[in-house]
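Participant: Pasting the sequence and the predicted model now:
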Amino acid sequence: MKIKRFLAKNMREAIRLVREEQGPDAVILSNRRIDGGVEVVAAVDYDAALMQQAQRVMAPAEAPAPVVAPVAAPQPAPRRAAAQAAAATVAAAPAPRPAPALPQPVAPELQQLRREIGGVRRMMEQQYASLMWKDMREQQPERMGALRALANIGIDPELTRSILEELPAKADGERARFLPLGLLSRRIPVAKNDFILDGGIFALVGPTGVGKTTTIAKLAARYAERHGVRDIALVTTDHYRVGAQEQLFTYGRLLGVPVHTAANAEELARTLFKLSDRKLVLVDTAGLSPRDRQLQAQFAELHSSRSPMRVLLTLSASQQAGDLEEIVRRFKPAKPEGLILTKLDEATRIGGALSTAIRHRLPIGYIADGQRVPEDLHLSRADQLVLRAMQLTRQNPALPQDGTLALQYGVLNAGS
């Protein structure tokens, strides 16, 4: 390792001197202001581990400073013993710790250097990604086709990578076209049966505007088609939104089922106890923002009831993948056991919703793609979800750019 000190008028001039003499691989070890300019210490062939080891070896051992007491006149024995005890106490007292040093402000020139290094790194990542993309396009056209198809659906890059890793090295055109979709289908968690027909107490939670109230009406109508309306009851805890309860009461009148209200945990517990003879009870909760402070109170209200309650998280398939990820994370304390995907008729891509369900292992129970009750509610099937995703890409063509795919693919391979 070669270390050298540089003196210059300013930081920019010092960095230029370092680059000219030691090259672009030089590392700045320290910098400080001096009279008339700055001092920079730089090194080439820098080994951080070796430097730290050398500092530990060369650091002098710290020893407590001796306590020097003034020479005193002869004293009687009691006074002498007291003085000795006081001296021993002073000697045993720990030395005061020095105050922590305040962080020094970073010079603007050094900040500029860091930005330049960051720009060089991004440029290298892009170049590496382009090389990886070119290699795949020439050597592995099947993998490139699979990557394009999955990216066009909107599948998460990490999930795309795991699917690509399962593809065989060689495959004929037909198999290479459909195998990635089959591997995606195998990963999508779905409900094993039409569980709403088995009855129980279900609470639908989710953010504002995802269609929980309409979905509850569809679930009730689905059950009524098989078992009739006598054993159905609806409950609303939504006392936040204007007109929210009226909407559920309207559905109740149309279906011919009773609707009850509960303003707090105690009322909800009493209501569910009175409805214990009903085979299906559907609870409509208030739609809240994922960052709303009332969320925790809502979850506590649901889980305070002694009646066994199953929570279903309602998500809009038209939302962005990042928004869906935050919603699932924020609503996780509600302990949802599955998902209901709504508004598929408004979505242009559903890969984000599918990726979220796969990542969090939340089975998709039902999907909704319209306002009709109950015609627009369907039991979810993995193969049908993949087929629906492909249909949406054909209806709304928006092929991702090669540069975007190259960067994603290159970064994924760099991290593998």
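Facilitator: Yep, that arrived.

Participant: hey, where'd the strands end up in the stretch 151-300 of the chain?
Facilitator: With strands called from DSSP state E, counting those that start in this stretch, the stretch 151-300 of the chain shows them at 200-205, 232-236, 259-261, 280-284.

Participant: can you list these in CSV and add distance to residue 370, mean neighbour count and mean pLDDT?
Facilitator: All C-beta atoms are positioned from the backbone trio N, CA, C, and that covers glycine. Compiled in CSV, those are given as follows (distance: least, CB to CB, whole Å; neighbours: other CB atoms under 10 Å; pLDDT from 0 to 100):
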stretch, distance to residue 370, mean neighbour count, mean pLDDT
strand 200-205, 18, 21, 94
strand 232-236, 21, 24, 94
strand 259-261, 23, 19, 92
strand 280-284, 19, 25, 94
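
Participant: I'd like to know which of those strands lies nearest to residue 309.
Facilitator: Distance to residue 309, taken as CB to CB, is lowest for strand 200-205 among the strands of the stretch 151-300 of the chain, at 4.7 Å.

Participant: Quickly run through the sheet partners of the closest one, with directions.
Facilitator: strand 280-284 (parallel), strand 310-316 (parallel) (DSSP bridges).

Participant: Nearest to residue 8 among the ones you listed would be which one?
Facilitator: Among the strands paired with strand 200-205, strand 310-316 comes nearest to residue 8, with 58.7 Å by CB to CB.

Participant: then the closest one to PDB, C-alphas only?
Facilitator: As requested, the backbone C-alpha atoms of strand 310-316 are provided in PDB (Å, rounded to 0.1, in the frame of the first residue of the first chain):
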ATOM      1  CA  ARG A 310     -62.400 -15.700   9.900                       C
ATOM      2  CA  VAL A 311     -60.800 -12.600   8.400                       C
ATOM      3  CA  LEU A 312     -60.500 -12.100   4.600                       C
ATOM      4  CA  LEU A 313     -58.400  -9.200   3.200                       C
ATOM      5  CA  THR A 314     -60.000  -7.500   0.200                       C
ATOM      6  CA  LEU A 315     -57.700  -6.000  -2.400                       C
ATOM      7  CA  SER A 316     -58.300  -4.200  -5.700                       C
END
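
Participant: So for it, what gets flagged as buried?
Facilitator: Of the residues in strand 310-316, 311, 312, 313, 314, 315, 316 count as buried by neighbour count, 16 or more other CB atoms under 10 Å.

Participant: swap in stretch 25-39?
Facilitator: The neighbour-count check on stretch 25-39 (16+ other CB under 10 Å) flags 26, 27, 28, 31, 38 as buried.

Participant: can you check stretch 373-389 too?
Facilitator: Residues of stretch 373-389 classed as buried by neighbour count (16+ other CB under 10 Å): 373-374, 376-382, 385-386, 388-389.

Participant: Which single one of those is nearest to residue 221?
Facilitator: residue 374 (3.7 Å).

Participant: Assign that closest one to helix, strand or coil.
Facilitator: coil (DSSP: H, G, I helix; E, B strand; the rest coil).

Participant: Sketch out the low-pLDDT regions of the stretch 151-300 of the chain for me.
Facilitator: Within the stretch 151-300 of the chain, the stretches with pLDDT under 70 are 169-174, 176, 240-244.

Participant: quick one, helices of it?
Facilitator: Using DSSP state H, counting those that start in this stretch, the helices of the stretch 151-300 of the chain run over 157-166, 173-187, 212-227, 244-255, 265-274, 294-303.
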